Structures are given as structure tokens and as C-alpha cells.
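Asker: Have a look at this fold, sequence not included:
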């Protein structure tokens, strides 16, 4: 359910490459299972551990959506799945931030709840005008606090409060204005109305590949040093902040209210 594709690019400092890590569960809109989230963490850490890590990593989703969040049916069946998902989600975002290359998220169709949280690990987020994004999990008695340190970095504390305490969704245009998204593939116009989800996915994928190729042609040393400094300045790798957010979300796992709400969803 996770696929990795490597692309070679001849860069200014020798042979360079970028990789695509693909969420490959299109029949469920790439809803994350514990195994998928844990594999995403492991794959990202494995890329960083290579003798010559790729210059860039693209995270994208197969099919008509980037990621619809956690597989809540599995969480209802066994609350331990929710715990594993939260821990692996936090680990994946941290691993993407720690990855020394540039991380690009290609988010189309839907990037919701855990799917939206994954954007916090990206250096650049590419989306489309019609993509739906947000954290609508408080209505289920689940806290999105695991994402809070990264959302605050992306959009500021005021906008982050609005997004995480209001269970509504926003579109790609609003996400661009807030800073959650950095580029809209195809622009901000209404021409996306006639495109299928798969066509939108192909559009953001190719847009992201163009960015990754450009990054891979540049000398790595300046990019790596700059990313390390930016991580330190914005607290992206602040273990205490990250742990605090995760513990708030974990603290509600198995709560009576969340169990009741999930049961109503699948009843």
C-alpha cells in the first residue's frame, strides 16, 4: 500500500535523484492503516539513511484523492489501531522534516484529517483549487493536537486555531491564502471543474516532479544547511513540542465519547 519510485537527474554536483513515495490504496481514497503509516515512517527514514540520500522526496496519493485520513473503520474495530496511527503519523511528519532533501507533498482531491496532517512534513505543498483540506475529527471526539506544532508553523497560531477547532473543510484557494498550500497546479481559476480526480492527481504529480527535478539539479550543500537552520528556527524538530501534541491526541484514545461517535458512524 506504499510504493516507492526513484528518478535519476543529472545535477550540478554529480548524479542526483528524487523519489516518489506513493500512498497506494486508491479504493479507500488512501485512508491510512497502521501498517501504511508505519511503512511511510520507515521508508522516509530509510531514504535519509542512504549513503547519498535523494535530493527530493515527493509524497503523493494514487487515484482520485491524496489521503482521506485514518481508516476509521479499523479504529472503531480496535482502538489500538488509532493509537498506532497517531504515533506513526507523528513519526512520519518528523521523519519528513528530518529528511535533508526537499519534501514536496502533491495533495489533490482530498487531504483530510491525518491526510492534511501529513502536509506538515513538507517543505512545499502543491495542490489544486478544488482540493478539500482540513481536520474534521473533533466531531468524533478525537483531537488533532498531534498536528498542532506543524500546523502552527505553516499558517500561524490564529489560523491554526480556526482550522483545528472548526471541523469544516477549506478548498485549495483558501489553503493557499493561509499558507498551508504553496502552489496550485493549474492555477486558481474555475477550469478544474471538468477534471476528474485522477486527472487532478496526474496534474499535481507532474507539477511536483518538475519542482523535484529543479531541486536535484542544484548543489545539495546549500539546500541541506538551509533546511537544517529553518527546522531549528521554527521548532520543526523540537521534540518537546511534538511529544506534547502527540500525548494530547493519545490521551483521548479509547475515550467513551469517541467510541460512541465511531460506533454511530459504523452502526
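Answerer: Received it, and whenever you're ready, just let me know what you need. What you see is a predicted model; the values in this text were computed from it and never measured.
Asker: Now do the buried residues in the lowest-mean-pLDDT helix or strand in the chain.
Answerer: Confidence across the helices and strands of the chain bottoms out at helix 256-266, with a mean of 81, counting by mean pLDDT, DSSP states H and E. Within helix 256-266, the residues scored as buried using 16 or more other CB atoms under 10 Å are 258-259, 261-262. Backbone N, C-alpha and C define where each C-beta goes, glycine included.
Asker: Report the two members of the residues you listed separated by the largest distance.
Answerer: The distance between the two most remote of those (CB to CB) is 7.5 Å, for 259 and 261.
Asker: wait, what's in contact with the closest residue to residue 257 other than its chain neighbours?
Answerer: Excluding its sequence neighbours, the residue lying closest to residue 257 (CB to CB, 6 or more residues apart in numbering) is residue 141, at 3.9 Å. Residue 141 makes contact with 252, 255, 257-258, 260-261 under the criterion CB atoms under 8 Å, 6 or more residues apart in numbering.
Asker: May I have the phi/psi pair for residue 141?
Answerer: Main-chain dihedrals, residue 141, degrees, to the nearest 10: phi 80, psi 20.
Asker: Can you name the residues in contact with the least confident helix or strand of the chain?
Answerer: Identification of contacts with helix 256-266 by CB under 8 Å, 6+ apart yields 72-73, 75-76, 79, 139-142, 252.
Asker: from those residues, which is closest to residue 221?
Answerer: Distance to residue 221 across the contacts of helix 256-266 (CB to CB) is lowest for residue 142, with 41.9 Å.
Asker: neighbours around that closest one, how many?
Answerer: 26 (other CB atoms under 10 Å).
Asker: ok, it to residue 152 distance?
Answerer: For residue 142, the distance to residue 152 equals 19 Å [CB to CB, to the nearest Å].
Asker: and what of residue 195?
Answerer: Going from residue 195 to residue 152 by CB to CB gives 32 Å.
Asker: Pick out whichever of these two has more residues nearby.
Answerer: Between residue 195 and residue 152, counted using other CB under 10 Å, residue 152 has the larger neighbour count: 20 against 16.
Asker: which non-adjacent residue is nearest that one?
Answerer: For residue 152, ignoring the flanking residues on the chain, the nearest one in space by CB to CB, 6+ apart is residue 160 at 4.6 Å.
Asker: Show the pLDDT at that neighbour.
Answerer: On the pLDDT scale, residue 160 is placed at 94.
Asker: residue contacts, it?
Answerer: Going by CB under 8 Å, 6+ apart, residue 160 touches 148, 151-152, 154.
Asker: Considering those residues, which is situated nearest to residue 57?
Answerer: Lowest distance from residue 57 to the contacts of residue 160 (CB to CB) belongs to residue 154, with 17.8 Å.
Asker: That closest one contacts residue 119, doesn't it?
Answerer: Yes. At 7.3 Å, residue 154 and residue 119 qualify as touching, with contact defined as CB atoms under 8 Å.
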